[in-house]
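# From the sequence below, what's the structure:
(chains A and B)
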Amino acid sequence: MRKTSKQERKKWYFAYMLLIPTAVFLLAIFIYPIFQSLYWSFLHYDLLDGSPIKFVGFKNYIQILTDGQFWYSLWNAIWFTLFTCTMETILGFFCALLLNQNFRGRTLFRASIIIPWAILTMVNGLLWDTMLQPGSNGGAIQIVLHALHLLPQNSNPVWLATVTGSVFFAGIADIWKMTPFMTLLMLAGLQPISGEMYEAAMIDGAGFWKKIWLITIPQLKPAIIVAVVLRIMGAFRVYDILTEFTGSDTTSVTYLTFNNAFRYFYLGKASAMAWFSTLFIIGIIIYYIRILKKNMEEA
Amino acid sequence: MKKIQRSATDIIPRGYMWIGLILLFLFSVLPYVYLVTTSFSNQVEINAGHLFPQHPTLSNYRQLFSPKDSYALELIQAMRNSLEASILTTIIALIFGSMAAYAFARIKFPFRMTGLFAILSMQVLPTVSIVVPLYMMFRNGFGIPIPFTHYSIQLTGPLLNTPWALIISYASGTIPYVVWMVTGYFSAAPKELEEAAYIDGCGLWGTMIRIILPLSLPGLAATFIFSVLNNFDEFMFANAFTSTYASKTVPLFIAELVGKHSLPWGLMCAAGVVATIPFVILSMICYRWIVTGVTAGAVKG
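Below is the predicted model:
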């Protein structure tokens, strides 16, 4: 009895030893900075004007929450997230269904959808920026729309001129790039669904939509939830692709935070913004972890 | 030629399936084809609004790589920086992360689940919340403060504009990812082999290195490729921590091309093609591994 417990404890020490490098690193580079920025969010901390650093309580938070700009950028980020995640989930679902079937050349088709995903985000932005240029400069999308007579010949809208336009088309570019990711996650989720269930449903006279509604979606639900939550968190912190489409920092809350920190050097205000969005994300994470835990217990 | 077996999981009728597949193929491939064709067009044709060049030209590539302009040097330097940062980060994260993953996957110890979930949650917190404190740390260099004084033992000099700033900041996201993925691969290795090795006197380290690591190599490879691609794509940390030509990464190089507002679309597309072709080819070749890298942990949960 004593011996096993001693052996057990030896194993514990071994486990903790293995964890030390990761734990020390994450404490120093992740946990400590996150709490440091929590502390800074209560300070007047401005690097540029040389004013003294002083404690100001909730002033930064009050300032950003009464500032229309912050809410506008937060709304843009939420809108972007809802738009891209909905489209990516729906498109990804049907792409996964398609690619799950048996047909000749399946590997080629499966590999071809990886192309958008393999392109760097910045090149993706560059590409869509090129395609969305007004007609006189030869943007592909206007040429195609003109040729198909979907757009009157004499109209050349400047799509990226407004904040709404930038966010919408950045969303389109994001959908193009990230739908393959959703497809892959759902394709993996489709693997364990056996043909027998569909056969049984067919005998009961279920058509295509009934099969999807009664078998595919319930079976795929864990994979869908995990994929959607992953994408929500990715989409909410959108920043990179927007820098190419617009100079306006109100297109996303991350963009606004970043500019406050590294363009104006309002470190206190930027920290308050970062913490506000962190709290927002933590809500989603708690939900996510509960699902993961449930999945693990079932497995 | 082997006959493709149809099965009951084929729920979309053949006709619709092919229509869908063709649309999907066009949707995935056409924009990239446009990027490539534009890179072979001259400015006159781009301005005239031609989708495909009537007179294909290499002039954009010639300009991109001409020694007169600084583009070529900058792009090569950026490629080197990006590769260095993303590969080194991944190696460090794989070493640290696999050790932690072994503990999580194979040893039952107190606070195991709490620790695992704490690490998982770090993968999803917004990176913008650590970017400011990291900037200050990198600006000052790392040191251990001596209590009750204003002095500290300085371990490193300032790290801004060095690859280390990128490696350290990238690792903050990569290590949790690696722990998550590799824990899954390690748990999948059969327990009996490990026990047999342990009884044969392999010891704890020996079992881990000789039995579990080799069994999980395909999974480690998938994680490696996926995280190199991910780090290569990173923009925010790179934008915050590097500002000199010698330290810039590829995404920054591309972003600045667009920012210059002179609109040399052909040249920009050529740069885009050069920066992405290696990855498009790599991901077509390593398709299977990347798919495992993306899906294994996420779907199993």
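
# Can you list the low-confidence ranges for the chain?
You didn't pick a chain, so chain A it is. For chain A, applying pLDDT under 70 flags the ranges A:1-4, A:135-138, A:292, A:295-299.

# Chain B is the one I meant
B:1-6, B:259-263, B:296-301.

# Tell me where it has strands.
Applying DSSP state E to chain B gives strands spanning B:143-145, B:152-154.

# which stretches of the stretch 1-150 of chain A form helices?
A:2-26, A:32-40, A:59-66, A:68-100, A:106-112, A:114-118, A:121-131, A:140-147 (DSSP state H, counting those that start in this stretch).

# For residue B:267, find the nearest of the ones you listed.
Closest to residue B:267 of those is helix A:121-131 (C-beta to C-beta; 11.0 Å). (Glycine included, C-beta is placed from N, CA and C.)

# The closest one packs against which elements?
Contacts defined by 3 or more C-beta pairs under 8 Å, 6 or more residues apart in numbering or on different chains; DSSP states H and E place helix A:121-131 against helix A:140-147, helix A:163-190, helix A:240-245, helix B:14-39, helix B:250-259, helix B:265-285.

# Pipe the ones you listed into CSV and attach mean neighbour count and distance to residue B:60 per row.
CSV is the format used below for those (neighbours: other C-beta atoms under 10 Å in any protein chain shown; distance: least, C-beta to C-beta, whole Å):
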stretch, mean neighbour count, distance to residue B:60
helix A:140-147, 17, 17
helix A:163-190, 23, 22
helix A:240-245, 25, 19
helix B:14-39, 17, 6
helix B:250-259, 21, 12
helix B:265-285, 20, 4
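
# Residue B:217: which of the ones you listed is closest?
Closest to residue B:217 of these is helix B:265-285 (C-beta to C-beta; 17.5 Å).

# ok now that closest one, how far from the chain's centre?
Offset of helix B:265-285 from its chain centre (C-alpha atoms, centre = their mean, to the nearest Å): 15 Å.

# what do you get for stretch B:220-227?
Relative to the chain's own centre, stretch B:220-227 is displaced by 9 Å; criterion: C-alpha atoms, centre = their mean.

# How about it and chain A, any contact?
No - figure legend: stretch B:220-227 not in contact with chain A (C-beta under 8 Å from any C-beta of the partner chain); closest approach 10.7 Å.

# Tabulate the CA atom coordinates of that stretch in PDB.
Extracted C-alpha coordinates of stretch B:220-227, given in PDB (Å, rounded to 0.1, in the frame of the first residue of the first chain):
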ATOM      1  CA  LEU B 220       3.500  15.700 -34.400                       C
ATOM      2  CA  ALA B 221       4.200  16.300 -38.100                       C
ATOM      3  CA  ALA B 222       0.700  17.500 -38.700                       C
ATOM      4  CA  THR B 223       0.900  19.900 -35.800                       C
ATOM      5  CA  PHE B 224       4.200  21.100 -37.000                       C
ATOM      6  CA  ILE B 225       3.000  22.000 -40.500                       C
ATOM      7  CA  PHE B 226      -0.200  23.600 -39.300                       C
ATOM      8  CA  SER B 227       1.500  25.800 -36.700                       C
END
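
# Isn't residue B:266 up against residue B:47?
No - between residue B:266 and residue B:47 there is no contact under C-beta atoms under 8 Å: 10.2 Å.

# what sits against residue 248?
Picking chain A for this. The contact partners of residue A:248, by C-beta atoms under 8 Å, 6 or more residues apart in numbering or on different chains, come to A:163, A:166.

# Wait, chain B was what I had in mind.
Residue B:248 makes contact with B:74, B:77-78, B:81, B:238, B:242 under the criterion C-beta under 8 Å, 6+ apart.

# Which residues are in contact with the residue nearest the centre of chain B?
Against the mean C-alpha coordinate of chain B, by C-alpha atoms, centre = their mean, the closest residue is residue B:230 at 1.9 Å. Neighbouring residues of residue B:230 by C-beta under 8 Å, 6+ apart: B:86, B:174, B:177.

# do stretch A:89-103 and chain B meet?
Yes - using C-beta under 8 Å from any C-beta, stretch A:89-103 comes into contact with chain B via A:94-95, A:97-98, A:100-103.

# Point me to the residue of the stretch 151-299 of chain A nearest chain B.
residue A:195 (3.2 Å; C-beta to the nearest C-beta).

# I'd say that residue and residue B:7 touch.
Yes - in this structure, residue A:195 is within contact of residue B:7 by C-beta under 8 Å, at 4.8 Å.

# Give me the neighbour count for the closest residue to residue B:252 other than its chain neighbours.
Spatially, and ignoring its direct neighbours in sequence, residue B:252 is nearest to residue B:238 (5.4 Å; C-beta to C-beta, 6 or more residues apart in numbering or on different chains). Using other C-beta atoms under 10 Å in any protein chain shown, residue B:238 has 28 other residues around it.

# Also residue A:220?
Residues lying near residue A:220 (other C-beta under 10 Å) number 22.

# Now name the helix or strand holding it.
Per DSSP states H and E: residue A:220 is located in helix A:217-236.

# Which elements pack onto that helix?
By 3+ C-beta pairs under 8 Å, 6+ apart, helix A:217-236 packs against helix A:68-100, helix A:163-190, helix A:267-298, helix B:287-300.

# between those helices, which one is nearest to residue A:51?
Here helix A:267-298 is closest among those (C-beta to C-beta), at 10.8 Å.

# packing partners for that closest one?
When contacts are defined as 3+ C-beta pairs under 8 Å, 6+ apart, helix A:267-298 sits against helix A:32-40, strand A:43-44, helix A:59-66, helix A:68-100, helix A:217-236, helix A:253-262, helix B:112-124, helix B:128-140.

# Which positions within that helix qualify as buried?
Using 16 or more other C-beta atoms under 10 Å in any protein chain shown as the test for burial, helix A:267-298 gives A:267-278, A:281, A:285, A:288-289, A:292, A:295.
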